[in-house]
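Participant: give the three-dimensional model of this entry:
(one chain, ligands or ions: 2)
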Amino acid sequence: MPTKADPCSQPSLMHPDEAIALLLAQVKPLQDSEVVPISQGLGRVLAEDLASSIDLPPFNNSAMDGYAFRFEDLANNESLNLIGQSYAGHPFEGEAKPNTCISIMTGAPLPVGYDTVQMHEKVEAKEEAIFIQPPKAIGANVRYRGEEIKTGGKVLVSGTQIGAAELGVLATIGTSQIRVTRQVRVAFFSTGDELRPVGTELAPGQIYDSNRYSIRGLLSRANVEWIDMGVVKDDPEAIREAFRNASANADMVLTSGGVSVGDADYTKQILDEEGEITFWKLAIKPGKPFAFGKINKAIFCGLPGNPVSSMVTFYKLVWPLINKMQGLPQAKPLQLKAKLKGELRKYPGRVEYQRGILSQDDKGEFQVCLTGGQGSGMLTSMSLANCFVILAQEQGHTADGTLVTVEPFNTVLC
Ligand SMILES: Nc1nc2c(c(=O)[nH]1)N[C@H]1C(S)=C(S)[C@@H](COP(=O)(O)OP(=O)(O)OC[C@H]3O[C@@H](n4cnc5c(N)ncnc54)[C@H](O)[C@@H]3O)O[C@H]1N2
Ligand code: MOO
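Facilitator: Ligands and ions are numbered 1, 2, ... in the order given. Next comes the predicted model:
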């Protein structure tokens, strides 16, 4: 479908991928680390390799509720004699003798001398005489000491982000405290005279400050330490003071609004006076007027005020930056191809992040439809979506049924 050029684009605008490379080159992983209890470890990044001080599992044990015995005894006996029990936490204390068995629970220690377990369902018990269907091989249903990890074996490596599974792994090896990198400290504020806090009445021309809430959510998901500096008026001196306070207390200063070319858009101007601008404006939609630079020792990211633009630029540009500062590897987001349901409008000029709903059709093939209106002020397009439909810079309107590139939302956006 032939389409006109994007009226809001300029040929000189930088491609977002080039911008990411440029901004990643400006930051280094934080060197400081601290020790935290594992209960506070979720989302933190390990600053040390961790080896296990115990074998995993720590002792031979049963994988089933059933009976433990010597495999060779089944060849010569119709039934085995029951001589005791082994429960998880209460091991059998007797001696494993030939032609005997014990009942054993899942996770209970396997007594030395027994080598095989048969599950309850394949055993018939007639008082003390136990009739066991022979399992396929010796060692059936036994979990061996150290089969997962041996003492001294590496369990987690430095740079791993602690998720639910890692918390469990740490507890499994008995670790109560871990050394993690210091959290990136981010000070953020919204700018705009029209912004009112939730819980107040709106006067004509005012709107609620939503960006501070979505940004808080994004920062929480990115596991940083954040300082919410509230709303700063469209006043150059107020913005200057906020910049100075923020940069004195944080590794990163993050703002929303005031980066475009309006008469009250002072953010970029004050950044220029108080610090330095590395780049401003990208070939991305939404999010074109994103600004990046430095104020004192802090990194500066100026998100555009439009609510969707601020979320998209955070996701695309700020989040990789935070990851790098936290010592995480740069992971390429998962992308896939899906069949577009319905038509999509786009002018060549900028890479677009349209909001989509990804699903599978009856044959299991991926399909995606847009959430509806794609205006950069329509924040419900983000809450309805489960993916971005990513459209290349030169792509124009796109017909129903075309295969398009889709990036499912990850944990930062959900
Ligand atoms: N002449 C031009 N005008 C605009 C251009 C342009 O290239 N030339 N770019 C447009 C694009 S693209 C964007 S994106 C916006 C970004 O503008 P700003 O970053 O200066 O943001 P504001 O003007 O302050 O606000 C834009 C819009 O968003 C609302 N907003 C702002 N902050 C919040 C908040 N915290 N919570 C909710 N909503 C917020 C604000 O009321 C405006 O409606 O500029 C275009 N203009
Ligand atoms: O196109 Mo702007 O970049 O988000 O509204």
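Participant: can we go C-alpha only for contacts and neighbour counts from here?
Facilitator: Noted.
Participant: ok, which stretches of this protein are helices?
Facilitator: 16-24, 73-76, 164-172, 211-221, 236-249, 267-274, 307-313, 319-325, 380-384 (DSSP state H).
Participant: what parts of the chain come near ligand 1?
Facilitator: For the chain, the contact set with ligand 1 under Cα under 6 Å from any ligand atom comprises 8, 190, 192, 209-212, 256-261, 265, 287-289, 304-307, 309.
Participant: coming back round to it: ranking the helices of the chain by burial, who's on top?
Facilitator: Highest mean neighbour count among the helices of the chain (mean count of other Cα atoms under 10 Å): helix 307-313, with a mean of 26.
Participant: redo the helices of the chain as a markdown table? Include distance to ligand 2 and mean pLDDT.
Facilitator: A markdown table is the format used below for the helices of the chain (distance: least, Cα to the nearest ligand atom, whole Å; pLDDT from 0 to 100):
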| stretch | distance to ligand 2 | mean pLDDT |
| --- | --- | --- |
| helix 16-24 | 12 | 96 |
| helix 73-76 | 74 | 96 |
| helix 164-172 | 35 | 98 |
| helix 211-221 | 13 | 97 |
| helix 236-249 | 22 | 97 |
| helix 267-274 | 15 | 94 |
| helix 307-313 | 4 | 98 |
| helix 319-325 | 18 | 97 |
| helix 380-384 | 13 | 98 |
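Participant: list buried residues within the residues of the chain next to ligand 1.
Facilitator: Among those, those scoring as buried are 190, 192, 209-212, 256-260, 265, 287-289, 304-307, 309 (criterion: 16 or more other Cα atoms under 10 Å).
Participant: among those residues, name the ones in strands.
Facilitator: Ser190, Ser256 (DSSP state E).
Participant: and Ala165, how far is that from Thr402?
Facilitator: For Ala165, the distance to Thr402 (Cα to Cα, to the nearest Å) stands at 39 Å.
Participant: out of the helices of the chain, nearest to Pro135?
Facilitator: Proximity to Pro135 (Cα to Cα) singles out helix 73-76 among the helices of the chain, at 9.7 Å.
Participant: contacts for the closest one?
Facilitator: The contact list for helix 73-76, computed with Cα atoms under 8 Å, 6 or more residues apart in numbering, reads Leu80, Pro98, Asn99, Ile132, Pro134.
Participant: tell me how far the fourth one lies from ligand 2.
Facilitator: Between Ile132 and ligand 2 the distance is 71 Å, computed by Cα to the nearest ligand atom, to the nearest Å.
Participant: which intervals of the stretch 51-200 of the chain have sub-threshold pLDDT?
Facilitator: Along the stretch 51-200 of the chain, the model assigns pLDDT under 70 to no residue.
Participant: next up, phi/psi of whichever residue of the stretch 1-150 of the chain sits closest to ligand 2, please.
Facilitator: Closest contact between the stretch 1-150 of the chain and ligand 2, by Cα to the nearest ligand atom, is at Cys8 (7.3 Å). Cys8 adopts backbone torsions of phi -90, psi 0, taken as degrees, to the nearest 10.
Participant: cool, and Gly364?
Facilitator: The phi/psi pair for Gly364 (degrees, to the nearest 10) is phi 90, psi 10.
Participant: can you tell me how far it is from Val389?
Facilitator: 19 Å.
Participant: do Gln40 as well
Facilitator: 36 Å.
Participant: please say which of those two ends up with more neighbours.
Facilitator: Shown here are Gln40 and Val389; by other Cα atoms under 10 Å, Val389 has more neighbours (27 against 12).
Participant: nearest residue to that one other than its sequence neighbours?
Facilitator: Spatial nearest neighbour of Val389, excluding adjacent residues (Cα to Cα, 6 or more residues apart in numbering): Val406 at 4.6 Å.
Participant: residue contacts, that neighbour?
Facilitator: Going by Cα under 8 Å, 6+ apart, Val406 touches Gln335, Leu336, Lys337, Ala338, Cys387, Phe388, Val389, Ile390.
Participant: need the contact list for the closest residue in space to the first one that isn't next to it in sequence.
Facilitator: Nearest-residue entry for Gln335: Glu407, 4.6 Å, with adjacent residues in sequence omitted and distances by Cα to Cα, 6+ apart. With contacts defined as Cα under 8 Å, 6+ apart, Glu407 is in contact with Pro333, Leu334, Gln335, Leu336, Cys387, Phe388, Val389, Ile390.
Participant: hmm, Phe409 and the fourth one touching each other?
Facilitator: No - between Leu336 and Phe409 there is no contact under Cα atoms under 8 Å: 11.9 Å.
Participant: looking at these two, which is more packed in?
Facilitator: Legend: neighbour count by other Cα under 10 Å for Leu336 and Phe409, higher for Phe409 (18 against 13).
Participant: bridging residues for the nearest residue to that one once chain neighbours are set aside?
Facilitator: Excluding the flanking residues, the one nearest Phe409 by Cα to Cα, 6+ apart is Cys387, at 4.9 Å. Note on Cys387: beta-bridge partners by DSSP bridges are Gly356, Pro408.
Participant: what's the burial count for Ser39?
Facilitator: Here the count is done by other Cα under 10 Å, and Ser39 has 11 residues near it.
Participant: again, but for Ser176
Facilitator: 12.
Participant: ditto for the one 3 residues further on
Facilitator: The number of residues packed around Arg179, counting by other Cα under 10 Å, is 20.
Participant: the nearest residue in space to it that is not next to it in sequence and Ile173, how far apart?
Facilitator: Nearest residue to Arg179 in three dimensions, chain neighbours excluded: Val35, at 4.3 Å (Cα to Cα, 6+ apart). Note on Val35: its distance to Ile173, by Cα to Cα, is 17 Å.
Participant: one more: Ser210?
Facilitator: Distance from Ser210 to Ile173, by Cα to Cα: 43 Å.
Participant: what residues does the stretch 301-414 of the chain put near ligand 2?
Facilitator: So far as Cα under 6 Å from any ligand atom goes, the stretch 301-414 of the chain lies against ligand 2 at Asn306, Ser309, Ser376.
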